[in-house]
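> Sequence and predicted structure are below.
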Amino acid sequence: MVSAIDLEARKKAAELMRKIFMNIVSEIEREGRPVLVLPKRTLSNTIYDYKNKLLLLGPETSKRSFMDVNEARKFMQTVLVASIIYDSLVNNEYPTIRDLYYRGKHSISYRSGGKEVHENTWEEQKESDGVIRDLEVYLNILREELLILSKEKGKVVGNLVIRSGDDVIDLSRMGHGAYSIEPTPDLIEFKDVDAEYILVVEKDAVFQQLHRYGFWKKHKAILITSAGQPDRATRRFLRRLSDEYNLPVYILADSDPYGFYIYSVFKIGSITLSYESERLATPRAKFIGVMMTDVFGDDIFREILRDKDSRSRLNSIVKGLDKLAKKKPYLSEAERRNYIIKAKQRDLERAVELVGYDIADACLNNTELKSKLKKKEGLTGYPWFQTPEWIRELCIFFRTLSKLEIEAMASKGLKFLADHYIPEKISSGDWID
Amino acid sequence: MVSAIDLEARKKAAELMRKIFMNIVSEIEREGRPVLVLPKRTLSNTIYDYKNKLLLLGPETSKRSFMDVNEARKFMQTVLVASIIYDSLVNNEYPTIRDLYYRGKHSISYRSGGKEVHENTWEEQKESDGVIRDLEVYLNILREELLILSKEKGKVVGNLVIRSGDDVIDLSRMGHGAYSIEPTPDLIEFKDVDAEYILVVEKDAVFQQLHRYGFWKKHKAILITSAGQPDRATRRFLRRLSDEYNLPVYILADSDPYGFYIYSVFKIGSITLSYESERLATPRAKFIGVMMTDVFGDDIFREILRDKDSRSRLNSIVKGLDKLAKKKPYLSEAERRNYIIKAKQRDLERAVELVGYDIADACLNNTELKSKLKKKEGLTGYPWFQTPEWIRELCIFFRTLSKLEIEAMASKGLKFLADHYIPEKISSGDWID
Amino acid sequence: MSETPVEKYRAISPAEFFYKYREIAGFSNPARAIYQTVRELVENALDATDAHGIMPDIKISIRKVDEIQEFYRITVEDNGIGIPPDVVPDAFGRVLFSSKYVLRQTRGMYGLGVKMAVLYGQMTTGRPVEVITSKPGFKRIYYFKLRIDVNRNEPVIIERGSWRKNREWHGTIVSITIEGDWGRAKPKIKEYLFKTAIVTPYANIVALTPDDEIIYYPRIIDKIPRPPLEVKPHPHGVDLELLKQIISSHNYTSVEELLIKGFQSIGEATAKSILQQAGIDPGKPVSELSDNELLSLVNTLKSMKDIRAPSIKAISPLGSDVIIAGLKRVFQPEFVYAVSRRPQAYQGHPFIVEAGIAYGGKTPMSDDDKPIILRYANKIPLLYDEGSDVTTMVVKEDISWDHYMVSFPAPIAILVHVCSTKIPFKGVGKESIADVPEVRKEIKLVLMDVLRELKKYLSKKAKEEELKKRAEHLAKYIPEVARGLSVIVANGSKDFEVKLVQKLVSIISRRTGIPVPEIQQVLESIRIGA
Amino acid sequence: MSETPVEKYRAISPAEFFYKYREIAGFSNPARAIYQTVRELVENALDATDAHGIMPDIKISIRKVDEIQEFYRITVEDNGIGIPPDVVPDAFGRVLFSSKYVLRQTRGMYGLGVKMAVLYGQMTTGRPVEVITSKPGFKRIYYFKLRIDVNRNEPVIIERGSWRKNREWHGTIVSITIEGDWGRAKPKIKEYLFKTAIVTPYANIVALTPDDEIIYYPRIIDKIPRPPLEVKPHPHGVDLELLKQIISSHNYTSVEELLIKGFQSIGEATAKSILQQAGIDPGKPVSELSDNELLSLVNTLKSMKDIRAPSIKAISPLGSDVIIAGLKRVFQPEFVYAVSRRPQAYQGHPFIVEAGIAYGGKTPMSDDDKPIILRYANKIPLLYDEGSDVTTMVVKEDISWDHYMVSFPAPIAILVHVCSTKIPFKGVGKESIADVPEVRKEIKLVLMDVLRELKKYLSKKAKEEELKKRAEHLAKYIPEVARGLSVIVANGSKDFEVKLVQKLVSIISRRTGIPVPEIQQVLESIRIGA
């Protein structure tokens, strides 16, 4: 009952594993040093490629020697998880990372000083998850290609025909429902696409509204939702679709540091999981909104720039702040008052994570929060947020300490959102890259 | 671009609203007392219908008089939310409850004692959500029928053809992906079903595994996942599908009080939202597993019954504990050791909520936890859990303080789960109703 | 065995003892010493005036008198009863000589205070104490310069003199020069004067500080608390040693006479019943009492029921007028109230608890969990150890503040004054009152008294405001309700909306009795936000 | 003006003063009184023995002596130097008469203790103190029954007598009967004896309680700390009053002689330099010194640099042997160590800080944030106010316990002993030592000393264990690794797995130097769970 595509993928992955682990075995057979050498998954070994807008793993490697008391456990765990995955591949199983945790978890008992000592292969899923990540970089393969499944939130509708498993599916014929993306998007084959761009909506409810309103039909778009933080399959699906058909990608998220962060995950990926970035990130993704300047215009930022001290501090971080195009807000004063939500401490901290402490310090004028942020001093932010456009957005955030949800735009009228806001922003190029 | 089905639904709902609110207007026109009378949405006005296994609202009503200082605000809010919904219906909008919160939120200012006083129509979404619920019982209609959308997690695959919107969709042709249920399931038309039962899986990842494994093809089942706590649309979809084709429904969830609770939501609904129950609950749903007795067998429960005190206390709550059929566990001692997770305090509290304090007190033998639970004394539990079968399950939980995830069953092998555990339990009737 | 010293026994004088162990009286360092010196002199000045019915005029001056060293001359002048010239040398130069060793409420610590200041002065600066004094009616003013001979515990008169009065002046001026630490002592001294001013609204108090700041609390009331009088011991407070002292200091013939004349609250009948219970012949000569009989007598006295409560003549409460005036003087509150409870006794000592409350006005905001607490024992402010004081316990544990419509922080200060011939202090420092059940109960009751009045005030205030708001609370929703209903049933017709508004106004007016114009007025002020 | 009382001045005797204010000496209630009485008598007993090189034998007995009332007779017997019979009445019956008013380290509070117990006894039970004593070499044993005349502060001898010695006995037996509260005092008294026993391992201490419990701490070491000797004042500790006392109590002719003979640490050269700085002629007769000159002299003495540190003859540290023996006596620890620091001075007073540490054995588990702390000042255990003691501050703030491989809770007790001619106590209660920088620094250093040793011990222990575990830590993973690799590359072949196991054993042995059999042994014990 299993699809032919799956069977082929299994075969390929198992062979790769056998080949790579054979090296270790050979080393043992000739009584050498059994060592796993893999790229370091650390921040310091993460490189941002400005040109291609990708995070890459650097040249540093870490070694796991079975001879070293501090590394032996990790060595054992890596072999253990690899053997379970291999076993699943050849037995047509579809484990999840939670399954792998359960399957690998068992005790190792031995006698020490007259007492029976019990140790578990691992205690928490966090541990086995880390080992799986190690294995991904060690084998240079995504876990999905090892037929490891996971829960999947991403949905898509639009003029798009795909082949998944043994079926050909027309995603423009989903009625009021949607197509739920499979956990192994690399096995999807895109058959036919008739769209001008892809619109990714952070929130499922807004996706439902736009879908129901017929947005994708009217505007020739593919509509995708990640239903919050995007999972790996949604990211890979988006990347493949946009690459293979050269489609522009617009991200519609809340106007707050979490929304910006979701955009960032789609576009670049997580800085601590940079090895995924090369295949999961969509560097061409653009942030269409909701922008802080859509809410407030740019008066507040101009005011910040009028302050000499702030101006010189911001200019020392990035050039071109003065050359930014003027921006008009999409909301009236009164709408703003009703729709805006006060930012919380964690929003603020997330914003500092994105853009760095110095910009927060230059733009914030709430002294109490400023002193609370002190502990974040030294955070430099992500390179891809160090652009004049993003600094303007974040500065307005720091100054107003406000955020706004996409729903607020929908509240102004679904027509406004669907037929005015989105099309106008796309046609006028009012996005951030 | 909007479907014909939607347009018809809008017309029907708007007429209902106009008709009912006309009564209030007439009362005002003849200078009577403008009062909203609606069924009380309180626990005390909730009745469990043992025969039909449904929660029903009782005969008590609550009045909201515009003349009463304590009720005037609620009166205003109800009219306000109704007017926005009405407006959306006639203007082809698809609001979410979050939209309604935003659209209705504005300030009312007036002068009091020389000072300008500002009051908002509401502060938090909790407030507007409550008013929407009031309106549902006041109009005796589900919010989905008012074309209020919401985010939607439920997915389905199987030999099932539906009409949604203007499309006819074959849910057996979804490839590795799945069909994502629309937020207004009452507008779906079931065209053709070829299945023997419906299997509802709590966890999306397990759904993915079973789907990929071809479970539904092999066993002629409709496979549904709620991806955690089921939302309203998934519940309504399940209810309609099982009713209209008279299909048995089996719920597969974690073996813990949260899993039991999810089953309970599918089967009966939430005791505090009993007005939904009549249309959203699926009384025929059966809990197929994972049962505590699947994990431990029934030795532990027999042991509890051997204790005179426990036995007489349990017997005073329900009869028939001795006549329960014997149960063999599906896990070996060693598997159990690796897969079991220690229950947390909140699991315990959830269990007491389900089955009542007395049963917890009779079965627990951890004195520390027992004393922590004291504050829950007086909780009587839900009537539908007061059966010998459920009491056995919960007693084992209280005694072992253990829980088990479905993933653990999958870890034993997807073959085991798909081809052994589920079919065997269905064929032997090893479920709880 | 190593070299061993010979034990040298010697007696030391009380002056030498307290010189050695000056921390007992609070003279542990220069900061404490200057604070303690001010305090001792001010309290003596008040005892010399208000305890004798004189409206106090107190002048305090603290001056730095050495350019290099931290020497301060502290001078306190009062208009009190003065000190007889023959007593002056002992009163300032002999430790354990005092007018405070009687059963009567006084301020001050152990009667040691001023002598400790003199000792501290002569050990740090070498300067003698200077005293100028005259009693009412005396023709002359007397002047002394004294130091203490520590070995002998005797005053040494360095200079003395007198001159005729030009005007009718009486009182005492004392100057002591000590090494101090004004910088560290300043906040405590100011707090002390502030809190003293609260309970002496009948006193003029003026202080000049080394920073040339003038602190002035003018008199605002002409009423003085009744002065305390000396009383005999109460039977419940007796012990064996006290009984022996009473016997040896008087010439009572019979035991019965001893009981009746030596104690308060014992009449003939009570005396007989006591002696019967103790098994002693009432006529027995006092001198013939055996040790066992004395012990039995003590036990009977201590445990005797049905005895009159101790006399309250010895104690001097402030009275509610004084407390109210004091609180007004510093807080100008919008509400103030005070109560003196009736006397009670613990362990043979009479005590009275009084309390005052100030709300609003210039009363500062309190902490988040309790009001501002002003604690007094025998008219002395307690400045330290608030956390362990029984009043704080009552405030935190025994009072349901919610019940009195108070939630903190609030602009509330409460004042609690405990006066007694023996305050149950906690610890030697005398800065907090111990948790004695009898006292705790009274504090609770007196606070409930004053809080009941506060509640009345607050609820009256609240009710008035509520009535005014009723009309507003209904009218403000009219526009929204009219608009909404018009949308649902009349396609949002404005005319229809206006009609509904009028109908709703008239319904409200008819049902609630609020006049139409009042509702209209609210209506006109309403603005609906976006 | 209301009725005003007449001021009655009177002097009271020291006995009457302390009788009135007995809480100063810790006699505030029956529970405290019985504890304080035991303590005073035990400390006198120790001072009469170890301070004179005698190995103490102390017998304590506390008996209930009245069926109804809570009267307790406390008897303490020592084998000390006894008290001369002519001194006994004053030593027990006159307040402010003591052998402790000299510059020398002694135990005890203000030299008041035993008299306070006598006073408390006679006021609560009326029973006199009984004393039996004899000095070494005396032929007779003397017996006294005494009470205190409170008004006169004089002993009253009720009975006296003497008898010939049958055996060579010397020492003192004191019995005092007071009203007490044994139930509440019991835990504190037991704690006191326990902590006293720790620092007197050279003493036999036996106590008999009212519950008929016998508490016995046998002697375990024959070494006694060097006794303290009386010394002259050190210049840094002088004040004006002290200088005048020195002058008046001796017949020094010139100022120079005064300095050289009246003080320690001043020789001819120093004296000259002091007087030059103070601007005083060295030959000037003492009697002609003006007040200003005295003041100037005091200031010069106090601030003089380059003066020899105070003599340490007056203080008596325990010594590391005694501390180690004491800790062993009560904890039988697996590790014990102690250090005496070299003497230091603060404000003219010499002091020595010593510390001991006990780890493991029967040492109880400590709290979560600090070790068990045993605090001593001049050989007296401090039982109250641990939280505010400088030692606690050092333990919590100045020591990085991690650095010494200690994480709490741990079975660690530290002992800190500060001895000095003047302990900088915090507050009158003398239950904690104040945060004086010089003392704090020494405590920190001494604790670092003993902790360094502890760390050495702990790290040696840890290293041994680590070596043993190395083989296990590598070998235990072999089966899992072999199985896993076999699955991936050889379809899970068992033969292949066995081969890999052998290879891995040999690799480990070769690379780490662990012998193959040792690895095999671990391997055989391994069981893999499901």
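That came through, no problem. Numbers count the residues shown, from 1 in each chain, chains lettered A, B, ... in the order given.
> In terms of helix, strand or coil, where does the residue nearest to the spatial centre of chain C fall?
Most central in chain C under CA atoms, centre = their mean is C:Tyr376, positioned 2.1 Å from the mean C-alpha point. Under DSSP: H, G, I helix; E, B strand; the rest coil, C:Tyr376 falls in the strand class.
> show me the contacts for the nearest residue to C:Leu382 once chain neighbours are set aside.
Using CB to CB, 6 or more residues apart in numbering or on different chains and skipping residues adjacent in sequence, the residue nearest C:Leu382 is C:Arg375, 4.2 Å away. From N, CA and C alone the C-beta is placed, and that goes for glycine too. With contact taken as CB atoms under 8 Å, 6 or more residues apart in numbering or on different chains, C:Arg375 is in contact with C:Pro381, C:Leu382, C:Glu386, C:Asp389, C:Thr391, C:Val416, C:Ser432, C:Ile433.
> Type out the ChimeraX command that picks the buried ones from those.
Typed into ChimeraX, the line below selects the buried ones among those, using 16 or more other CB atoms under 10 Å in any protein chain shown:
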select /C:381,382,389,391,416,432,433
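> Of the contacts of C:Arg375, which is the nearest to A:Asp309?
Closest to A:Asp309 out of the contacts of C:Arg375 is C:Glu386 (45.3 Å), distances taken as CB to CB.
> quick one: that closest one and C:Ile372 touch, right?
No. Look at C:Glu386 against C:Ile372 with CB atoms under 8 Å: they stay out of range, at 10.3 Å.
> re earlier: need the contacts of C:Arg375 in TSV with secondary structure and pLDDT, can you?
Listed next are the contacts of C:Arg375 as TSV, based on DSSP: H, G, I helix; E, B strand; the rest coil; pLDDT from 0 to 100:
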residue	secondary structure	pLDDT
C:Pro381	strand	93
C:Leu382	coil	92
C:Glu386	helix	86
C:Asp389	coil	90
C:Thr391	helix	94
C:Val416	strand	96
C:Ser432	coil	86
C:Ile433	strand	90
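> could the contacts of C:Arg375 be laid out in TSV, adding distance to B:Ile108?
Formatted as TSV, the contacts of C:Arg375 follow (distance: CB to CB, whole Å):
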residue	distance to B:Ile108
C:Pro381	51
C:Leu382	52
C:Glu386	46
C:Asp389	49
C:Thr391	47
C:Val416	46
C:Ser432	53
C:Ile433	53
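> closest to chain A among the contacts of C:Arg375?
Within the contacts of C:Arg375, the smallest distance to chain A is 29.0 Å, found for C:Glu386 (CB to the nearest CB).
> Can you tell me how far the closest residue to the closest one other than its chain neighbours is from C:Pro381?
Spatial nearest neighbour of C:Glu386, excluding adjacent residues (CB to CB, 6+ apart): C:Thr392 at 5.6 Å. Taking CB to CB, to the nearest Å as the measure, C:Thr392 and C:Pro381 are separated by 15 Å.
> ok, now C:Gly513?
Here the distance between C:Gly513 and C:Pro381 works out to 54 Å (CB to CB).
> ditto for C:Gln276
47 Å.
> what does A:Glu116 give?
69 Å.
> Where does the record place the domain boundaries for the chain?
Went with chain A since none was named. Structurally, chain A divides into domains by automatic domain parsing as follows: A:4-146, A:155-289, A:292-404.
> Wait, chain C was what I had in mind.
Chain C breaks down by automatic domain parsing into domains covering C:18-217, C:235-303, C:320-458, C:476-525.
> okay, how far is it across the shortest one, tip to tip?
Taking CA to CA, to the nearest Å, the first and last residues of domain C:476-525 lie 9 Å apart.
> can you check the longest one too?
This stretch, domain C:18-217, spans 35 Å end to end (CA to CA).
> does that domain come close to chain D?
Yes. Applying CB under 8 Å from any CB of the partner chain, one finds domain C:18-217 touching chain D at C:19-21, C:23-24, C:51-54, C:69, C:81, C:83, C:87, C:90-91, C:94, C:96-99, C:101-102, C:104, C:110, C:119, C:122-126, C:150-151.
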